[in-house]
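>>> Task: produce atomic coordinates for the following.
(one chain, ligands or ions: 1)
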Amino acid sequence: MTMYEIIEKKKHNVELTTEEINWVVAGYVSGSIPDYQISAWLMAVCFFSLTDRETADLTMAMARSGDMFELGLDKFCADKHSTGGVGDKTTLVVAPIVASCGVYVPKMSGRGLGHTGGTIDKLESIPGFNTELEYDSFISVVKQAGFAVAGQTGTLVPADKKIYALRNATATVDSIPLICSSIMSKKLATGADGIVLDVKVGSGAFMKTEEEAEKLAEAMVRVGKLAGRKCSALITDMDKPLGMAVGNSLEVIEAIETLKGKGPDDLKELSIALAAEMLFLADKGTHDECVKMAENALVSGKALERFGKMIELQGGDIGIIDDYSLFAQPKRSMDVYLPESGYICGISCEKAGMVSLKLGAGRQTKESDIDFTAGIIFEKTVGDRIEKGEKAATLYTSSDCDIEEIARECSGIFHIGKQEDAVKEKIIKKIIKGY
Ligand code: URA
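Numbers count the residues shown, from 1 in each chain. Below you'll find the predicted structure:
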């Protein structure tokens with residue numbers, strides 16, 4: 001077997017055997033196959049795709065390239081994954097809801113490269129919070145709080161680390177089987193019994209159309225089932241930022257407000273739907289019963305209590321739950337006004353993400369530092385009326401960016417129009433069930 005022959009086969013759209021796929025992944029991780037040959041193969045995959053069997057084989061070969069965690073816990077372990085979007089802080093709400101209903105959520109998350117940090121970065125905005133847990137401590141937090149959130153170890157799916165970096169550099173990210181194998185290999189290696197996927201669709205997502213999102217969701221659910229896990233996917237809106245806050249500590253605060261029963265409707269609705277799906281996979285009741293259970297966890301304050309417990313066990317200052325001034329405070333802020341009155345018909349995710357990045361909330365490169373205080377608080381959302389001179393948003397930063405210029409740019413992220421066009425998209429578009 002040579003890599004040349006395998007590239008040649010894919011170039012002619014010939015299905016690869018399991019043995020060939022295993023050989024490619026093992027060879028790339030060990031360094032015996034060079035970047036340029038894997039790049040050529042990835043590009044051929046982008047053009048000809050992979051069959052369901054090849055996708056499952058690639059996912060399993062990648063998952064097995066590092067540690068496969070056997071959690072060995074006495075309760076059902078559920079995990080969730082979002083394909084990513086602007087203002088997405090659902091993990092911070094969903095995990096404590098699910099944990100408070102008697103299902104473990106051992107969450108290993110990555111850091112973000114983009115408009116804001118990932119879940120790990122967001123949590124690190126809490127003073128003292130530690131995301132670098134040894135495996136035994138991680139499991140101990142899960143047992144006591146019902147959930148824990150830790151950074152992914154270097155030995156988790158090393159194949160994905162290498163392949164993802166190469167895909168980023170060779171314009172081969174946007175391929176459904178490659179995205180599926182990248183996400184699912186990490187989910188399978190972390191050992192959860194049930195996995196709920198939040199596949200975003202819209203201008204701020206990888207998948208721009210519902211058709212594409214459905215294909216990706218179906219591929220991931222299929223692979224999860226083949227690997228013996230319970231799995232389902234929600235296709236959800238990412239045509240506007242989720243909630244009213246974008247940024248690291250700003251999103252943690254919005255998640256806490258939601259756990260107190262006060263958060264924005266879209267975040268609450270999505271969090272309850274995801275949590276209910278995880279509870280359903282854990283056989284906690286009918287679908288309606290699981291929705292009720294998730295709602296009760298918010299209303300009763302049980303989910304908030306779990307959140308506090310997890311923060312305490314991971315070394316964070318639980319005072320932040322009642323006193324947001326304990327977060328690092330931004331050095332500067334600036335209000336954003338729009339040049340005309342009208343109804344808000346859209347808020348561009350891409351532009352909001354760019355504004356957030358310029359304020360310092362995200363990373364431009366893997367090595368960049370994050371400004372935890374930076375971000376945007378929207379005062380108005382899609383469907384609202386706004387008058388000229390009324391505040392549309394406030395920007396925050398502690399970096400020396402040009403905040404005035406960014407505020408001017410920010411006014412352009414709102415699309416103003418007529419009342420009949422200012423229609424809120426449904427947040428949950430479809431559920432792809434793997435059961
Ligand atoms: N997220 C991942 O982890 N991998 C992808 O390929 C795309 C999004």
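
>>> can you pull the contacts of Ala219?
By Cβ atoms under 8 Å, 6 or more residues apart in numbering, Ala219 lies in contact with 52, 55, 176-177, 180. Where you see a C-beta, it was placed from the backbone N, CA and C, and this is true even at glycine.

>>> How about residues contacting the helix or strand hosting Leu166?
Using DSSP states H and E, Leu166 maps to helix 158-169. Here helix 158-169 makes contact (Cβ under 8 Å, 6+ apart) with 25, 28-29, 35, 38-39, 42, 61-62, 65-66, 154, 172-173, 178, 181-182, 185-186.

>>> let's see it at 6 Å
The contact list for helix 158-169 (Cβ atoms under 6 Å, 6 or more residues apart in numbering) reads 25, 29, 35, 62, 65-66, 173, 182, 185.

>>> where does the chain dip in pLDDT?
Residue ranges of the chain with pLDDT under 70: 113.

>>> Give the helix, strand or coil label for Val105.
Using DSSP: H, G, I helix; E, B strand; the rest coil, the structure places Val105 in strand.

>>> any idea how far it is from the ligand?
Distance, Val105 to the ligand, using Cβ to the nearest ligand atom, to the nearest Å: 18 Å.

>>> Check Leu267 too.
In terms of Cβ to the nearest ligand atom, Leu267 sits 21 Å off from the ligand.

>>> Give the buried residues for stretch 111-120.
111-112, 114-120 (16 or more other Cβ atoms under 10 Å).

>>> Return the helix holding Leu166 as PDB; C-alpha atoms alone will do.
Provided in PDB are the C-alpha atoms of helix 158-169 (Å, rounded to 0.1, in the frame of the first residue of the first chain):
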ATOM      1  CA  PRO A 158      -4.100  13.600  18.000                       C
ATOM      2  CA  ALA A 159      -5.100  12.700  14.400                       C
ATOM      3  CA  ASP A 160      -7.700  15.500  14.500                       C
ATOM      4  CA  LYS A 161      -5.200  18.100  15.800                       C
ATOM      5  CA  LYS A 162      -2.900  17.400  12.900                       C
ATOM      6  CA  ILE A 163      -5.600  17.000  10.200                       C
ATOM      7  CA  TYR A 164      -7.600  20.000  11.400                       C
ATOM      8  CA  ALA A 165      -4.600  22.300  11.300                       C
ATOM      9  CA  LEU A 166      -3.800  21.000   7.800                       C
ATOM     10  CA  ARG A 167      -7.400  21.500   6.700                       C
ATOM     11  CA  ASN A 168      -7.400  25.100   7.900                       C
ATOM     12  CA  ALA A 169      -4.300  25.800   5.800                       C
END
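
>>> So which of the contacts of Ala219 are in helices?
Within those, residues falling in helices by DSSP state H are 52, 55, 176-177, 180.

>>> Any chance you could note which residues of the chain sit beside the ligand?
Within the chain, the residues that sit near the ligand (Cβ under 6 Å from any ligand atom) are 83, 164, 173, 178-179, 182-183.

>>> so which of these comes closest to Ala328?
For the residues of the chain next to the ligand, the residue nearest Ala328 by Cβ to Cβ is Thr83; the value is 29.4 Å.

>>> Okay, buried residues for stretch 367-381 please.
For stretch 367-381, by 16+ other Cβ under 10 Å, it's 370-378, 380-381.

>>> Can I get those in a markdown table including secondary structure and distance to Thr17?
Below are the buried residues of stretch 367-381 laid out as a markdown table (DSSP: H, G, I helix; E, B strand; the rest coil; distance: Cβ to Cβ, whole Å):
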| residue | secondary structure | distance to Thr17 |
| --- | --- | --- |
| Ile370 | coil | 44 |
| Asp371 | coil | 49 |
| Phe372 | coil | 48 |
| Thr373 | coil | 53 |
| Ala374 | coil | 49 |
| Gly375 | strand | 49 |
| Ile376 | strand | 50 |
| Ile377 | strand | 53 |
| Phe378 | strand | 51 |
| Lys380 | coil | 56 |
| Thr381 | coil | 51 |
